[in-house]
Every structure is written in structure tokens, then in C-alpha cells.
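Curious how this folds, go ahead:
(one chain, ligands or ions: 3)
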Amino acid sequence: MAYNRLLIIDDEPEIATTLGKMGRRSGFDTIVTTDGVDFLERLRAWDPTVLMLDLQMAEMNGRAILGELIKRSCKARILIVSGHDVEALQQAKEFGLAGGLHIADTLQKPLRFDILRAALKAIFDDAEMISVPNIKDGIRLNEFYLEYQPKIDLRGRRVAGVEALARWRHPARGLIPPDRFIPFMEASGCIDEFTRFVIDAAAAQAKLWRADGTDLDIAVNISGGSAGSPDFVDVVRDICADHQIDPGFLTVEITETAAMGDVKRAVNFAQKLRNMGVTLSIDDFGTGYSSLLQLLRLPFTEVKIDRSFVMDCGESLESRVIVTTIIGLAHNLGLRVVAEGVETGAIADYLTKLGCDEAQGYHFARSMPGERIPLWVNQWSARASGPESEG
Ligand code: C2E
Ligand code: CA
Ligand code: CA
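Ligands and ions are numbered 1, 2, ... in the order given. A predicted model of the protein is given here:
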């Protein structure tokens, strides 16, 4: 499948057709639709990398579609187009950004084709820059690195560990987030090499922290493809041996969808890792469709509730029900529960009351470079054991 997939929605058929032609001329695999339901279905089935969305349509509300994209944690880059005034465009952009969407640009109607062409070209070139040779060079030249986000034990309020999150510091393009390069790596077959790099970097970091008196477990994100590769378990064992560190420091986070893709293989690989002392965690839980039975078959020890539900807890009854249910279900299965995306103290308190075990999110800390972690942990511990401790 081509990497540059552009999905366009505009309810005026003639404009839609013209936009489609321009998309194709700019190098994109392009699909055009005039219908909201069709748009959302193609979004799911085709997984476009770029969206062009008309905000002002007769039969549907462009802003409602943006809301739907937020709900689905859409990773595509989005061009918002509108015949409304600049202010409405700006508001839509801010709404999207606040919801975690990647708003690439906003364009005012009537569209000036030179401006549209330039916007599409910028997005296309940006995506082209993410190529296998560039990634291999990037790994060799140390442009990739890991940041670490603390996970907090909600009962003891101590630091329970950290999650390693990959970053690409590109010399020309600046900091590139993982949502931009991981899907490409998965599609192009270089994710295994990257996974090796991540585990190696995490093992080296854990050793460094230990030498410094900070003993922290590290969770790494593993793509379904890497987890399924036959030598993954050996890779983990060899890297730990190289760094003379026990594999027990490692937690492997694998998304619910990836874990359930090939259950038989997943059970096999998970059991081997468990035997080595590695902790297994199901990431983004609640977004897939796994059944209770499937969950029981896998030797996982931890469930991470997807941040979309956690972030929504304050406003949405539905999200509160989902979070409460996952915590109850996981505990009944003997699994530990981690909530990610905790952005406020109120939600942290709510999760504590529900008996959630661990939490992670901007309320506690953002991800940070490894060298800043020991100081952060010390400051946190001092605060947690101080007179104003929340217990
Ligand atoms: P994830 O595993 O669900 O990671 C959590 C993401 O949520 C991170 O984004 C983190 O920065 C963000 N986050 C943490 N707390 C909050 C919060 O309170 N509010 C909000 N709005 N966001 C929060 P990041 O670093 O951009 O990573 C995105 C995704 O990229 C990860 O999602 C993971 O699926 C993938 N990823 C990151 N590093 C790696 C890696 O080394 N290997 C693989 N295969 N995937 C990775
Ligand atoms: Ca994760
Ligand atoms: Ca997650």
C-alpha cells in the first residue's frame, strides 16, 4: 500500500473532483468522497495518512467530523478547508489541536490552487523525507533517542517505573514524534531493527540509572510485527546479556489489536518472555475488540487503559463506565491496571478511588530525557513523603 494516502471530503461534487485531481498530481494515492458516512468508513478501512476536510458542508457538520476524528485518536495529518471566515478556521484548528489531532494547515475558500498545491507539496515532501535509507542513517547517526515518562503508583504515590517513548531529532526537520515514523517503519519492514535499538537504549539507560542509585523498571512499546518475529525473545535475551542486566527490568507494551491478531503466536511469545521475568502489558486497552476469553489466554500481567477514555472521564459518563468496567474486569483477572493520559488531579483522585493501580500523564510529568529522570524521581519522592503528602 502506498504510504501517502489522501482522503478528501467535500460535499460539492465538482470541487471534490478537482481536489482529487490535484491530490493525485501532487503524488498522493487519493480517494474523494462527498458523504460523511462514507468518509468515516474509508477512514477506518483505508487508513489514510492525510485528510482534507471541508468544514462547511450542507448536510453534515465538519466540526462534528473533527470531533469524531478526535474520538478515534486519528493519526493522519489534516488540512481543514472552509468558506467561513479566518476566525472559524482558527477555532476549528484550535479545537483539533486541543483534541490531539495533527492539523497540518488551514485553507480558505475559494481555494487558490497555487496555495493548495504548495500545502500538499509540503506534506508530501515531509512524508517522503521519512524513508528507509533516512531511517537507517538516523539510527546510525544517533538521531533517534528515547524519552521517559514516569508511571506513578496511586496507593503509595511512589514512582512505579517509566515508559520509554521514541523521538527522532532530525537535523533539518527538528523533533519528529513517533506517530509519524513508527507506522512507516511498520509498513516498510524496518521496525524490527528499530525495536532492537529501543530495547538496547532502554537497557543501557537502566544500567546508567542504577549506577546512579535510581532503580527503575522501563516499559517499551513493541509493534505487533516485532513481537511476532520468531527471534524477538532471543533479541531481548542477548541485549540484556550484553548489558549484564536482568530482563526483569523490562515491561513490554503491546497494543490490544496487535496482541489479538494472532493469538496462538502471541501466547507462545508472551509465555517465553514471562519465563524470562519480563512484564507484559496490553496497551491502548478498550480500543480493540478482544473478548474476555482471549484476554484470559494470554499471560499478561498489566492492562493500560487507553488515554481517550481516561482524558474523557471528567465529561463523559460513557468513558467513566468504560474505565470502571476495565478496572473491575482486570482486577477480577488478577491484572494490574495502569491509566494513561491523566491530565488533572481530579481524574487522578477519581482513579485512586476506583482502585486503579498506576497512572501516567501530564498531571504528573511529561516525557523527559533520561538524564533528567533521577532528579525528577528524587523531587517526587521528597514531595510524596513530605508533610503535605496526599498519602
Ligand atoms: P502510547 O504507547 O499510547 O504512548 C502514550 C502517548 O501519550 C505518548 O505519546 C505520550 O507522550 C502521550 N501522553 C502521555 N501522557 C499524556 C497526557 O496526559 N495527555 C496526552 N494528551 N497525551 C499524553 P508519544 O510519545 O507521541 O507516542 C505516541 C505513540 O507512538 C505511542 O503511544 C506508541 O504507540 C508509539 N511509540 C512511541 N515510542 C515507540 C517505540 O519505541 N516503539 C513503538 N513500536 N512504538 C512507539
Ligand atoms: Ca505505550
Ligand atoms: Ca497507550
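
use CA for all of it now, contacts and neighbours both
Fine.

Quick one: the helices in the stretch 101-250 of the chain, in order.
113-129, 132-140, 178-188, 191-211, 224-228, 232-242 (DSSP state H, counting those that start in this stretch).

ok, the nearest residue to C74 once chain neighbours are set aside - contacts?
Spatial nearest neighbour of C74, chain neighbours left out: L101 (6.6 Å); criterion: C-alpha to C-alpha, 6 or more residues apart in numbering. Residues near L101 by C-alpha atoms under 8 Å, 6 or more residues apart in numbering: L69, I70, S73, C74, K75, A76, R77, I78.

Next one, pLDDT for the residue of the stretch 51-200 of the chain found nearest ligand 3 please.
The nearest approach of the stretch 51-200 of the chain to ligand 3 comes at E163, 10.2 Å away (C-alpha to the ion). Per-residue confidence (pLDDT) for E163: 98.

Excluding chain neighbours, what is closest to it?
Distance criterion C-alpha to C-alpha, 6+ apart; nearest residue to E163, sequence neighbours excluded, is A219 at 4.5 Å.

That neighbour is in contact with P247, isn't it?
No - counting by C-alpha atoms under 8 Å, A219 sits too far from P247 to count as a contact (11.5 Å).

between those two, who's got more neighbours?
Looking at A219 and P247 with other C-alpha atoms under 10 Å, you find the greater number of neighbours at A219, namely 25 against 21.

can you count the residues close to the residue nearest to I191 when sequence neighbours are not counted?
Distance criterion C-alpha to C-alpha, 6+ apart; nearest residue to I191, sequence neighbours excluded, is M185 at 4.8 Å. Here the number of neighbours of M185 (other C-alpha under 10 Å) works out to 19.

so who does I123 touch?
Applying C-alpha under 8 Å, 6+ apart, the residues near I123 are A104.

Now do it against V37, distance only.
Distance of I123 to V37, computed by C-alpha to C-alpha, to the nearest Å: 26 Å.

who in the stretch 201-350 of the chain is up against ligand 3?
By C-alpha under 5 Å from the ion, the part of the stretch 201-350 of the chain that sits against ligand 3 consists of D283, D284.

Most proximal residue of the stretch 201-350 of the chain with respect to ligand 1?
The nearest approach of the stretch 201-350 of the chain to ligand 1 comes at G341, 3.5 Å away (C-alpha to the nearest ligand atom).

and that residue, what does it touch?
Contacts of G341 by C-alpha under 8 Å, 6+ apart are D306, R307, S308, V310, M311, Q360, G361, Y362.

right, and the second one touches D284 too?
Pointing back at R307 there. Yes - counting by C-alpha under 8 Å, R307 touches D284, with 7.2 Å between them.

Okay, and the beta partners of the residue nearest to R336 when sequence neighbours are not counted?
Among residues not flanking R336 along the chain, E302 sits closest, at 4.6 Å (C-alpha to C-alpha, 6+ apart). With DSSP bridges as the criterion, E302 is bridged to S281, R336.

what about E302, how many neighbours?
22.

Wait, V278 touches P247, no?
Yes - in terms of C-alpha under 8 Å, V278 counts as a neighbour of P247; the distance is 5.8 Å.

how does the protein divide up, domain by domain?
5-129, 132-389 (automatic domain parsing).

which residues touch the closest residue to L120 other than its chain neighbours?
In this structure, L120 finds its nearest non-sequential neighbour in S26, 6.5 Å apart by C-alpha to C-alpha, 6+ apart. Listed by C-alpha under 8 Å, 6+ apart, the contact partners of S26 are R117, L120, K121, F124.
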